[in-house]
Every structure is written in C-alpha cells, then in structure tokens.
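Trainee: Dropping a prediction and its sequence here:
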Amino acid sequence: MFKKILIANRGEIACRVAATARRMGIRTVAVYSAADANAKHVLACDEAVPIGGASPRESYLRADRILEAAQATGAQAVHPGYGFLSENEAFAQACAEAGIAFIGPPASAIAAMGSKSAAKSLMEKAGVPLVPGYHGVDNDPALLAREAQRIGYPVLIKASAGGGGKGMRRVDKAEDFAAALASCQREAKAGFGDDHVLVERYVTKPRHIEIQVFADTQGQCVYLFERDCSVQRRHQKVLEEAPAPGLSPARRAEMGAAAVAAAQAVGYVGAGTVEFIAEELDDGDLRFYFMEMNTRLQVEHPVTEAITGLDLVEWQLRVAAGQPLPRRQDELHITGHAIEARVCAENPDAGFLPATGRMDVLRWPPHVAFARNADGQAVHPAAPLRVDAGVREGDAITPYYDSMIAKLIVWGENRAQALARLDAALEATQIVGLHTNVAFLRRVVNSRAFATADLDTALIERERAQVLKQPPLALEIVAAGVVAHALAHEQSLADADPWSRRDGWRIHRGARRHFHIEHAGAQHRVELARWHDGSQRLTLGERNWDFSARARGEALHDVTLGDRRLQLTVHVHGERVAVFSCEGSALVQEIDVIAHAGDSAAEGGRLTAPMPGKVVALLVKAGDRVAKGQAVAVMEAMKMEHTLTAPHDGLVAELLYAAGDQVAEGAELLKLQA
C-alpha cells in the first residue's frame, strides 16, 4: 500500500479523500491555488504545496506543477478527485511516465470514454442501446443543423468532452439551433478545451440512472448497483438517491451487466460510472439507453457507500496499489435507502444564478460520518446523517470554482424514512452571508413528485409552482425573531452592566420600542409594548399579539406569539438579521431610520451584472434599439454561461465593458435609454 499520496483537487472531495487516507495510515499532500491558501482541504492534509494563481488554468489544471509537487514531496500516487484533471488522459499518462501511480483508470480507458462520440460508437459495436442521434466527427454547423432536422426536435446538443451539464443545450425548434450551438461550443471550449459536440434526440420524460462499476488489475469487474440522479437543474444534479425507485431486480441486473461490459470493453481499472437515460414504458418497466461513462469517482458516490456499507475511496486506493477487489459480485448487497442533497451557493429564484460571498454563519445539523467496523465496512447508526463539506464558517465562496458548498447525505431503512431525515437535516442547516439553495432543496424534497418518486429530469420545471419563488416567511415570525434577539442582547448587556440597560423602563407607565425592518422588498414598523407586570405586546400594522421570548443560547430563542409557540434561531451581522424557523428562513435589514432618512429608491431598468464573472459576448452595439427580454450580453461565472436580457424597451447608448472583461456583481454593463 502507498505510504504517501498527493490529492490533486480541492474542497470537499480533497477533504473526503484525506479522511480515508488517514484512516488507512497513508500520509497526504494537498495542493492549493492562491485563492485557497487557507482552505479547509489544505489543513486536512499532512503537507501542502502552492501551485499557482486563483483560476483553475493557473493552478488545478496545471499538470506540470502538480507532478512537480508530487515528486518534490515523495508522493507515490496522485488521487485526482473529480473535475479538473480527473478525466485527462494526458495527465494520467504523464503520471505513469513519471513513475507515479494514477488513482484512476489507465490513460487508454480515459481516452476511449473521454469523447462522448467515440464512446457511443464503441457501445454501438458492443450492442448497448443508444439514443438516436449524430455522433460523427464532422462538426460543420450546417451538417449539424441537417442532422438535428433528421433526428427530429426537440434535440439535445452536448459537448463531446463535457460533463456536469456544461456545454449542453436543449433545442425545441430549428430557428434556435444556430445560437444554441454557438453558445454550447463556447462553453465547451472554455470548460474542456474542446468544442466538438454531438446531437441526440431529446427523450421527453427521461430518468437519469447510473451504475457504479469497479474493476481491478486482475480482470475482475463488479457493479455496486445504481443511483437515480433525475432531479436536475440546467442539466446539473440536485438530488441523488440509491437504489433507484421502481427499478425491478431484473432490470437492475441487466443494466449492471451492460455497465460491466462497457467497462471491460476498454480495459477499465478503478471506479467508474456508466450513465444511462431511461424512459418508462406503458407496462411501467424501463427502457434504457447508454449516455456516457465517467471515468472517475462521482460527486454522488456517498449514497452508494451508504447502501453498500463500503468506502469507495479505500477501494480506489487498494486497486491502484495492485490489490484485488475486496468483494465479489455475490458479496454485494443493498441495505436501506440513501439520498444526497447538493448544497450550492446560488439563487434559485433568479434562475439559479451562482452566488459569491463570505459565509458569516455556517451551521450544520448534528452529524457523524457513517461508523465503520475493523474491516472498514459501514455500521449504520440509528439516525445517520453525513455532511461532506470543504468549507468552514467564515470562508468565502469565490467565482473561480464550482458553486457547491457541501453535500448532505442521509440513510434510512426505507425511502420514506430517508426523506423525513433529509427534510429535518435541511431544516436545521443555517447559512448566512450569500444566497443558497437550501430552502429550494427542502421544497423539492417535500414536493408531490419527489415524495411519490414521480421522477424525470424535468421534475423541477414541472413542479416550479411549488418549488420556485415561494412566499417569504410570514412577516410576524420575522418580526418576532428580530425583537427576540434585541431583547436577549439587551439582557446580556444589563447582566454585564446594569447601567447599560436600554429597555425604556419608566416609573409611571410601560415602555414602547420601535423597530424598522425591510422584508421582501417592503419596509415595516414593528412596535413592542412592555408593562411593569412583565407582559408584552407586539404590534405590526393593524395586527397585534401577546408576546414573550426567552433566549436559550447565543442564537436560539423560545418565542410565544399569540397562541403560537415558536423556536427561532436568529443571527445578526450589522444591520442584517437572519431568522430561521421550522417554516423557513428570511434575511431582513434592520433600518436605522436616521441614517437612512436621505436614501432614495434605487434606479430601475439598469442592466447590471447579476454576479461577478467574465463578459463572454456583447450581442448589441451602441445605437441599437432593443426590446424588453431581448438577449444583449452573455456572462460566464463558475464555469457556466448566463444570457442577460434587456429589462425594458430602449436604445443602447453606450457599452461600458468589452468581451473578455471581468466584472463585479452589480456592475452596469451598458447604458440603456428608455
């Protein structure tokens, strides 16, 4: 077994690999960019080596610097994690030539499956069913347009070298094909250095089911069952679960055998995932088509670990060291049900725009990693919750890398129990400082479609009325949280110094205190009346409630609001107040009416950058007339393209940036006269 390995990645996967290596007595080396000098994964390893600037092209994609770090530290092997260089055959080959083990498949297998077009041709020869489409090498736009017409709309354009939903567009009609192709190729070129694409028929109600495979150097290959990854936005996974609901044992065995055949066809070694698109037949069974093979560990591998009781990173290390697979196919079994939720820095109510910023508060529900026995096999505790995170409270999410903050993984004896545990875990997750998808995830988990396993990749769009743009947390609950925190803060001051009390105590009558808050775009005045007998009343507009609050720690408060008992958690940073309850959360602004007396309403109708990023293209020029909703610019942030549209009809007076410029969130991109 290796004595020291280098982890050529960052974030939660680097922390995840380091944890297993430590359990196995293997020393670890981290690499880090200029933006990650104090990152969690750096501290999780025994040694750390800087490898370049903040952008991936200056650091985590620099194979030469990573190999230099491995050689300088005496690392015997490199674990690539996922993303970055994990599916780069040139890097795998360079490791082999340097005498350093690559903890993954051989370069030849990566090359065979690295091109979606080549992989589909290989699978076609092996008799694995494919979605009808064009997988050729000629990418002439006119040819691709004709092929799309032949296949029949809707079609899906996909980057041949891509993954993670990048370089992928659905096209519903011929007149939109050219623009979608150009955007897809730009994103593919930027993300993978290769703008080659393929075109396929878009399966209208597809399920995304993938099979985890594992092979060793002795020629053995097994499948570790399936994961359903159908819940997606922008072709990126949101929730993953194992096993797949409704999959019959016969179909599971058939798909598993097909996945093993695919791996063996390319001489595969290590962990890999064969992905299938499945559609439901009239009799309720599933027909499946080969989609692609990911020649690496997947983000969602923890759900497979949860139902099999295995540590897949340990398997990777053992196989890379030349050891045989720890289990045969007949020794692998499914126990219970597991679901993973990806917690991301993004704003679901604004088209899932990525978010950046400092995490002033980062609180996870109580959790433990899945306990393991002496053989490394998981022993499921009574209420298992696992959190895989590569960040800590106070860390910042930057625009340089993927938007994922962490993964919440739950296990239950059945799907219903796992669902309930995931809902409870999401309810207890508290992040303040930037937009996240936590509330959105909870709404998806509680949606009719997901709860009843009515799954397909359009679930979020189908259920958008329930899962997107839900009403904000009730104003009276928000007000109660703001007041409860203020009272607790005053009490703490009084306990330290009685002369610091600011409760408005008077001899002859009770006190009244006013709070001004901004919530859901509107300003509100809250009044708290307090009498000498200890009673209190909260007034909001024409409504009022008997009120009491008791602090149970720094942020937790027991509140009585009329006849309701509430448990609220409140975090305050300056004028920002975050209130969490079992019904949801809200971020409000507590307004100093004197300081803000001269403020005026924000200027409307400006075209500003919704997030920090790079201007990819400006689709208009000065003097052009544009209509409301017309595409005027394209930005790239966190490896994804975002099209910006005109907020109203108008005339482009001036372009303030050019293609290639980096811009900050809120920067005005162009002047648009009404």
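Mentor: On my side now, so go ahead.
Trainee: Retrieve the pLDDT associated with Arg501.
Mentor: Note on Arg501: pLDDT of 55.
Trainee: Likewise for Gly357?
Mentor: In this model, Gly357 is scored at 89, pLDDT.
Trainee: how far away is the nearest residue in space to it that is not next to it in sequence from Glu279?
Mentor: Of all residues not flanking Gly357 in the chain, Leu434 sits nearest, at 3.6 Å (C-beta to C-beta, 6 or more residues apart in numbering). C-betas here are computed from N, CA, C, even on glycine. Going from Leu434 to Glu279 by C-beta to C-beta, to the nearest Å gives 38 Å.
Trainee: Looking at those two, which one has more neighbours?
Mentor: Applying other C-beta atoms under 10 Å to Leu434 and Glu279 shows that Leu434 carries more neighbours, namely 19 against 15.
Trainee: From what I see, that one and Ala355 are in contact.
Mentor: Yes: Leu434 is in contact with Ala355 according to C-beta atoms under 8 Å; the separation is 4.6 Å.
Trainee: which neighbours do the two share?
Mentor: Common contacts of Leu434 and Ala355 (C-beta atoms under 8 Å, 6 or more residues apart in numbering): Ala345, Ile397.
Trainee: So Val432 sits against Met359, correct?
Mentor: Yes: if you go by C-beta under 8 Å, Val432 and Met359 touch, sitting 7.3 Å apart.
Trainee: Okay, strands next: where are they in the stretch 101-250 of the chain?
Mentor: For the stretch 101-250 of the chain, the strands defined by DSSP state E, counting those that start in this stretch cover 101-102, 133-134, 155-159, 168-171, 197-201, 207-215, 221-233, 236-242.
Trainee: and Asp423, which of those is closest to it?
Mentor: Distance to Asp423, taken as C-beta to C-beta, is lowest for strand 236-242 among those, at 11.9 Å.
Trainee: Just the C-alpha atoms of that closest one, please, in PDB.
Mentor: Provided in PDB are the C-alpha atoms of strand 236-242 (Å, rounded to 0.1, in the frame of the first residue of the first chain):
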ATOM      1  CA  GLN A 236     -26.700  19.500 -13.200                       C
ATOM      2  CA  LYS A 237     -27.700  17.100 -10.500                       C
ATOM      3  CA  VAL A 238     -29.500  18.400  -7.400                       C
ATOM      4  CA  LEU A 239     -30.700  15.300  -5.500                       C
ATOM      5  CA  GLU A 240     -29.300  11.800  -6.000                       C
ATOM      6  CA  GLU A 241     -30.600   8.600  -4.400                       C
ATOM      7  CA  ALA A 242     -29.900   4.900  -4.200                       C
END
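Trainee: What strands flank that strand, and is each parallel or antiparallel?
Mentor: If you go by DSSP bridges, strand 236-242 pairs up with strand 221-233 (antiparallel), strand 337-344 (antiparallel).
Trainee: Mind putting the ones you listed into CSV with distance to Glu68?
Mentor: Converted to CSV, these look like this (distance: least, C-beta to C-beta, whole Å):
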stretch, distance to Glu68
strand 221-233, 34
strand 337-344, 33
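Trainee: Export the ones you listed to TSV and append columns for mean neighbour count and distance to Asp388.
Mentor: Output for the strands paired with strand 236-242, formatted as TSV (neighbours: other C-beta atoms under 10 Å; distance: least, C-beta to C-beta, whole Å):
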stretch	mean neighbour count	distance to Asp388
strand 221-233	24	15
strand 337-344	25	9
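Trainee: I'd like these as TSV, with mean pLDDT appended.
Mentor: Formatted as TSV, the strands paired with strand 236-242 follow (pLDDT from 0 to 100):
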stretch	mean pLDDT
strand 221-233	97
strand 337-344	98
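Trainee: quick one: stretch 564-584 to chain centroid distance?
Mentor: Computed by C-alpha atoms, centre = their mean, to the nearest Å, the chain-centroid distance of stretch 564-584 equals 24 Å.
Trainee: Would you mark the buried spots in that stretch?
Mentor: Residues Leu566, Leu568, Thr569, Val570, His571, Val572, Val577, Ala578, Val579, Phe580, Ser581, Gly584 are the ones in stretch 564-584 that count as buried (16 or more other C-beta atoms under 10 Å).
Trainee: Run through the strands of the stretch 401-550 of the chain in chain order.
Mentor: Along the stretch 401-550 of the chain, counting by DSSP E, counting those that start in this stretch, strands occupy 404-412, 430-432, 511-519, 522-530, 536-540, 543-551.
Trainee: Leaving out the residues flanking it, which one is nearest to Ala257?
Mentor: Per C-beta to C-beta, 6+ apart, closest to Ala257 is Tyr223, 7.8 Å.
Trainee: contacting residues for the one you found?
Mentor: Going by C-beta under 8 Å, 6+ apart, Tyr223 touches Ile211, Gln212, Val213, Phe214, Gly256, Ala257, Ala259, Val260, Gln329.
Trainee: Can you flag the buried ones in the residues you listed?
Mentor: Applying 16+ other C-beta under 10 Å to the contacts of Tyr223 flags Ile211, Gln212, Val213, Phe214, Gly256, Ala259, Val260 as buried.
Trainee: Disregarding flanking residues, what is the spatial nearest neighbour of the second one?
Mentor: Pointing back at Gln212 there. Leu224 (4.2 Å).
Trainee: Isn't Trp411 up against Ala306?
Mentor: Yes: using C-beta under 8 Å, Trp411 is in contact with Ala306, at 4.4 Å.
Trainee: How many neighbouring residues does the closest residue to Gln149 other than its chain neighbours have?
Mentor: Of all residues not flanking Gln149 in the chain, Ala174 sits nearest, at 6.4 Å (C-beta to C-beta, 6+ apart). Counted with other C-beta under 10 Å, the neighbours of Ala174 add up to 12.
Trainee: What are the buried residues along stretch 432-448?
Mentor: Neighbour-count burial for stretch 432-448, with 16+ other C-beta under 10 Å as criterion, is recorded at 432-445, 447.
Trainee: nope, stretch 147-161 is what I meant
Mentor: For stretch 147-161, a neighbour-count test (16+ other C-beta under 10 Å) marks Glu147, Ala148, Ile151, Val155, Leu156, Ile157, Lys158, Ala159, Ser160, Ala161 as buried.
Trainee: How about stretch 622-629?
Mentor: Val626.
Trainee: if we can go back for a sec, tabulate the strands of the stretch 101-250 of the chain in CSV, adding columns for distance to Ala70.
Mentor: Listed next are these as CSV, based on distance: least, C-beta to C-beta, whole Å:
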stretch, distance to Ala70
strand 101-102, 10
strand 133-134, 40
strand 155-159, 29
strand 168-171, 33
strand 197-201, 34
strand 207-215, 24
strand 221-233, 28
strand 236-242, 31
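Trainee: quick one: which of those is nearest Ala188?
Mentor: That would be strand 155-159 among the strands of the stretch 101-250 of the chain, by C-beta to C-beta, at 3.5 Å.
Trainee: where along the stretch 501-650 of the chain do the helices fall?
Mentor: Here the stretch 501-650 of the chain has no helices by DSSP state H, counting those that start in this stretch.
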